[in-house]
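**Q** This is the structure alone, sequence omitted:
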């Protein structure tokens, strides 16, 4: 029975996460899907190989928004592998001029705030606050387990917190250290954009939002979308872990915190 249960697991790997490109892999017995494709097709295939998988087996691709670090490889993968691509209507309109032709039969509308059921995988979409036309992220459900992806948002609303609460695992944004950003070389307008309500979550803002949503079922938290210029893995990890420990949360006991990388996949694990 134990082996049968394991084979039915919801599996995840964060293939790449960062300001230079984002791709996440999710697997159930009946589906192998990607969320975003913000790298070249060649790089994504290499990352898939590093976890013992191939793009030839992927059937679906869910797009969050039209920024290049999330869609660079969407058109290439759709055409090369015949993937079903899901995005809301405004994102499709903004994305198509950037990704080239995608066959009509492979283009699927996924309205914000709705649920798609693909056999053994249920996907919930929800809107976030970011400077894209209609950014939305996703929560995946299979066999009683859930995985939430939330990056590229300036803040986490009460509505979103209610939707994503108590998941088994999260990929959560920790884009920047506020002080590094303030004293860094970015132009003032860009700094203001990142710090604004339609920008990105800082390490401390990410930690505070996480503390509002994690629950007894939460076992794994991946820190994602770190800026190359305005953050460092050890700093993000320390900030989040310290704030959680200050609030008497069981870091390392009740749940674990993991780093992600823009060029190296996290191990493929069962939730």
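**A** Structure received. From a predicted model like this one, the values you see are computed outputs, not experimental measurements.
**Q** Chain neighbours aside, what residue packs nearest to residue 114?
**A** Spatial nearest neighbour of residue 114, chain neighbours left out: residue 125 (5.9 Å); criterion: CB to CB, 6 or more residues apart in numbering. Heads up, the C-betas are built off the backbone N, CA and C, glycines and all.
**Q** Over to the spatially most central residue of the chain: give its phi and psi.
**A** Note on the chain: the residue nearest the mean C-alpha position is residue 149, at 3.8 Å, using CA atoms, centre = their mean. In terms of degrees, to the nearest 10, the main-chain angles of residue 149 are phi -110, psi 120.
**Q** buried set for the helix or strand where the residue nearest to residue 114 lies?
**A** Using DSSP states H and E, residue 125 sits within strand 121-127. Buried residues in strand 121-127, defined by neighbour count with 16 or more other CB atoms under 10 Å: 121, 123-127.
**Q** Repeat that for stretch 169-186.
**A** Buried, per 16+ other CB under 10 Å, within stretch 169-186: 169-178, 180-181, 186.
**Q** taking the mean pLDDT, what do you get for that stretch?
**A** For stretch 169-186, mean pLDDT is 97.
**Q** mind checking the end-to-end distance for it?
**A** Stretch 169-186 has an end-to-end distance of 33 Å (criterion: CA to CA, to the nearest Å).
**Q** Distance from that stretch to the middle of the chain?
**A** From the chain centre to the centre of stretch 169-186 is a distance of 16 Å (CA atoms, centre = their mean, to the nearest Å).
**Q** And stretch 25-34, by the same measure?
**A** 14 Å.
**Q** How far does that stretch stretch from one end to the other?
**A** OK, stretch 25-34 end separation, CA to CA: 5 Å.
**Q** Low-confidence ranges, the chain, go.
**A** Within the chain, the ranges that satisfy pLDDT under 70 run 1-6.
**Q** can you pull out the strands in it?
**A** Assigned by DSSP state E, the strands in the chain fall at 11-16, 23-27, 32-35, 60-62, 84-87, 107-109, 115-118, 121-127, 136-142, 145-150, 169-173, 220-224, 256-259, 269-270.
**Q** Could you dump those strands into JSON lines and include distance to residue 239?
**A** Compiled in JSON lines, these are given as follows (distance: least, CB to CB, whole Å):
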{"stretch": "strand 11-16", "distance to residue 239": "19"}
{"stretch": "strand 23-27", "distance to residue 239": "23"}
{"stretch": "strand 32-35", "distance to residue 239": "25"}
{"stretch": "strand 60-62", "distance to residue 239": "29"}
{"stretch": "strand 84-87", "distance to residue 239": "32"}
{"stretch": "strand 107-109", "distance to residue 239": "38"}
{"stretch": "strand 115-118", "distance to residue 239": "34"}
{"stretch": "strand 121-127", "distance to residue 239": "25"}
{"stretch": "strand 136-142", "distance to residue 239": "22"}
{"stretch": "strand 145-150", "distance to residue 239": "17"}
{"stretch": "strand 169-173", "distance to residue 239": "13"}
{"stretch": "strand 220-224", "distance to residue 239": "9"}
{"stretch": "strand 256-259", "distance to residue 239": "11"}
{"stretch": "strand 269-270", "distance to residue 239": "24"}
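**Q** Which one of those lies nearest to residue 192?
**A** strand 169-173 (18.1 Å; CB to CB).
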